[in-house]
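Chemist: pasting the structure only:
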């Protein structure tokens, strides 16, 4: 029975993005172990009978001694467990996990790059400094430590290849983590007088929350819309919004803030339109996949990853990044045209069934594992 460890910088990431894969691996006979810092989702792993190991890691720390401790701790876990394959998600897991695998003699290493995010695209001084320090380490790890690298969109793959981070024979394109088409299935639009526009995401400036709120202010003078934000702050991300600001927008009636929701299939059913005006370096946003699977038209920014899901004028609309007027105009157009919403919803569902079910994505991922196992 091959042993595999999946590692990420939060338990939330493993639960939210990789739990279908984790279950599929166990059904296929893998001995699955999980590694992450502790959090509120650990109990789900334990209740389902999975073995989880705590990793001493602080996402925002740049203190050298803390980072050395993090590297030492994950190396200790890998040396004790001796897995056949380790699969890393998120930047610190990729960096420290790859080094730990090399030091532990683990032959099979898979690194997932799910977008470039704050460190690669942030414009603040802190982001630029971290990027300058991080890039040589990143290049050394991905090129010199034997591993396969999974990218979610072609743009990220090309960027890493052109920058010399990874060689062409060591990368594979697997678009997204997929979604369960049974759980996320089409429903009739809610029978309400107001059209509901929903944005589901971590509440980060880079995810376009400010653009969404500004569009809500613009549309408040035009239409009777309910602009709903679903998600919560991410204290580990420097662009996270404060709870006080979200509460204030909610109190003013600019938007409705629903916070974190675990039953997203029921949340999407309460919407007419789903928007994600992200400026973040996305891989392929799962919220767009889930919304399209639910038969909802989607509006997002014309950026890599988003373009993988949103086919302009087919299953949704693409707008320029950081453009609340364009977002407001797109939402108004869909709000006033129920027939167009229905047509786009049907096309979106069709696209997901063709390309983005978690069955297909998990199959491609496990095929990569099998190739690694056969080469050991």
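Modeler: That came through, no problem. Owing to the predicted nature of the structure, the values given are computational and were not obtained by experimental measurement.
Chemist: drop to CA atoms for contacts and neighbour counts, all remaining ones
Modeler: Noted.
Chemist: which parts of the stretch 151-300 of the chain are strands?
Modeler: With strands called from DSSP state E, counting those that start in this stretch, the stretch 151-300 of the chain shows them at 171-173, 195-200, 225-230, 256-259, 273-276, 298-301.
Chemist: any chance of the ones you listed in TSV, plus distance to residue 248?
Modeler: TSV is the format used below for the strands of the stretch 151-300 of the chain (distance: least, Cα to Cα, whole Å):
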stretch	distance to residue 248
strand 171-173	42
strand 195-200	17
strand 225-230	13
strand 256-259	10
strand 273-276	21
strand 298-301	25
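Chemist: compare the ones you listed and give me the one nearest residue 346.
Modeler: Each of those was checked against residue 346 via Cα to Cα, and the shortest separation belongs to strand 298-301, namely 11.6 Å.
Chemist: off-centre distance for the next helix or strand after that closest one?
Modeler: In the C-terminal direction, the helix or strand that comes right after strand 298-301 (DSSP states H and E) is helix 306-309. Taking the mean of its C-alpha atoms, helix 306-309 sits 13 Å from the chain's own mean (Cα atoms, centre = their mean, to the nearest Å).
Chemist: and helix 306-309, what does it pack against?
Modeler: helix 286-293 (3 or more Cα pairs under 8 Å, 6 or more residues apart in numbering; DSSP states H and E).
Chemist: mind listing what's buried in stretch 20-32?
Modeler: Taking 16 or more other Cα atoms under 10 Å as the basis for neighbour counts, the residues of stretch 20-32 that come out buried are 20-22, 24-25, 30-32.
Chemist: between these, which is nearest residue 330?
Modeler: Among the buried residues of stretch 20-32, and counting by Cα to Cα, the member closest to residue 330 is residue 20, at 33.5 Å.
Chemist: what's the farthest-apart pair in the buried residues of stretch 20-32?
Modeler: Spanning the widest gap among these are 20 and 31, at 15.0 Å by Cα to Cα.
Chemist: so how many other residues sit close to residue 326?
Modeler: One way to gauge burial is a neighbour count; for residue 326, by other Cα atoms under 10 Å, it gives 17.
Chemist: ah, wrong one, I meant residue 72
Modeler: A total of 15 residues lie near residue 72 under the criterion other Cα under 10 Å.
Chemist: so for it, what's the pLDDT?
Modeler: At residue 72 the predicted local confidence, pLDDT, stands at 95.
Chemist: contact partners for it?
Modeler: Contact partners of residue 72, counting by Cα atoms under 8 Å, 6 or more residues apart in numbering, are residue 100.
Chemist: now find how far off-centre the helix or strand encompassing it is within its chain.
Modeler: In this structure, residue 72 sits in helix 64-81 according to DSSP H and E. Here the centre of mass of C-alpha atoms in helix 64-81, compared against the chain's by Cα atoms, centre = their mean, lies 25 Å away.
Chemist: check which residues of it are buried.
Modeler: Of the residues in helix 64-81, those with enough neighbours to count as buried (16+ other Cα under 10 Å) are 67, 70-71, 73-75, 77-78.
Chemist: how near is residue 72 to residue 202?
Modeler: In this structure, residue 72 and residue 202 are separated by 30 Å, where distance is defined by Cα to Cα, to the nearest Å.
Chemist: count the residues that sit near the nearest residue to residue 335 once chain neighbours are set aside.
Modeler: Here the nearest residue to residue 335 in space, its sequence neighbours aside, is residue 195; by Cα to Cα, 6 or more residues apart in numbering that works out to 6.3 Å. Per other Cα under 10 Å, the neighbour tally for residue 195 reads 24.
Chemist: then the one 5 residues further on?
Modeler: Taking other Cα under 10 Å as the neighbour definition, residue 200 ends up with a count of 26.
Chemist: that one bridge partners, please.
Modeler: Beta-bridge pairing of residue 200 under DSSP bridges involves residue 230.
Chemist: how far away is it from residue 87?
Modeler: When distance is defined by Cα to Cα, residue 200 is 27 Å away from residue 87.
Chemist: with residue 328 instead?
Modeler: When Cα to Cα is applied, the distance between residue 328 and residue 87 equals 40 Å.
Chemist: the two: who's more crowded?
Modeler: Higher neighbour count among residue 328 and residue 87: residue 87, with 24 against 21, using other Cα under 10 Å.
Chemist: give the bridge partners for that one, please.
Modeler: Applying DSSP bridges to residue 87 yields these beta-bridge partners: residue 6, residue 110.
Chemist: ok, it touching residue 14?
Modeler: No - here residue 87 does not reach residue 14: they are 11.1 Å apart, not a contact under Cα atoms under 8 Å.
Chemist: what touches both of the two?
Modeler: Among the neighbours of residue 87, those also in contact with residue 14 (Cα under 8 Å, 6+ apart) are 6-7.
Chemist: near residue 294, how many other residues are there?
Modeler: Neighbours of residue 294 under the rule other Cα under 10 Å: 27.
Chemist: so it makes contact with residue 189?
Modeler: No - contact between residue 294 and residue 189 fails when scored by Cα under 8 Å: they sit 10.2 Å apart.
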